[in-house]
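**Q** Here is my input, please return the structure:
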Amino acid sequence: MYSGLQQGDLIAKVSGQQVTTAEQVAQLVANSRIGESLSFTVQRGSQTIPVSIRPAQRPTTPEKK
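**A** Got it, this is the predicted structure:
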């Protein structure tokens, strides 16, 4: 993945704010600016590691006909 997150990572914090649901993560990312670096704290196996991501513009999908 581009962001450095891996399948199975458990996101504990986004920019220092503790999160417990996917909805909280989505809201914090949606409220960030495109290109603004966000710091995630993730649990990967037995390790707690920092991961930095930079949200990008969501691609548009063509309408189905």
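
**Q** quick one, helices of the protein?
**A** If DSSP state H is used as the criterion, the helices of the chain fall at 22-30.

**Q** quick one, strands of it?
**A** Assigned by DSSP state E, the strands in the chain fall at 10-14, 17-18, 38-44, 47-53.

**Q** Who are the packing partners of the shortest one?
**A** The contact analysis (3 or more CB pairs under 8 Å, 6 or more residues apart in numbering; DSSP states H and E) places strand 17-18 against no helix or strand. For every residue, glycine as well, the C-beta is placed using N, CA and C.

**Q** Please list the outside residues in contact with that strand.
**A** Applying CB atoms under 8 Å, 6 or more residues apart in numbering, the set of residues contacting strand 17-18 from outside is 12, 24, 28.

**Q** Tell me who's in contact with K13.
**A** K13 makes contact with 19, 39-41, according to CB under 8 Å, 6+ apart.

**Q** for it, which residues make a bridge with it?
**A** Q18, T41 (DSSP bridges).

**Q** Can you tell me how far it is from R58?
**A** Here the criterion is CB to CB, to the nearest Å. By it, K13 lies 23 Å from R58.

**Q** Looking at the strands of the chain, spot the one closest to G4.
**A** The closest of the strands of the chain to G4 is strand 47-53. By CB to CB, the value is 4.8 Å.
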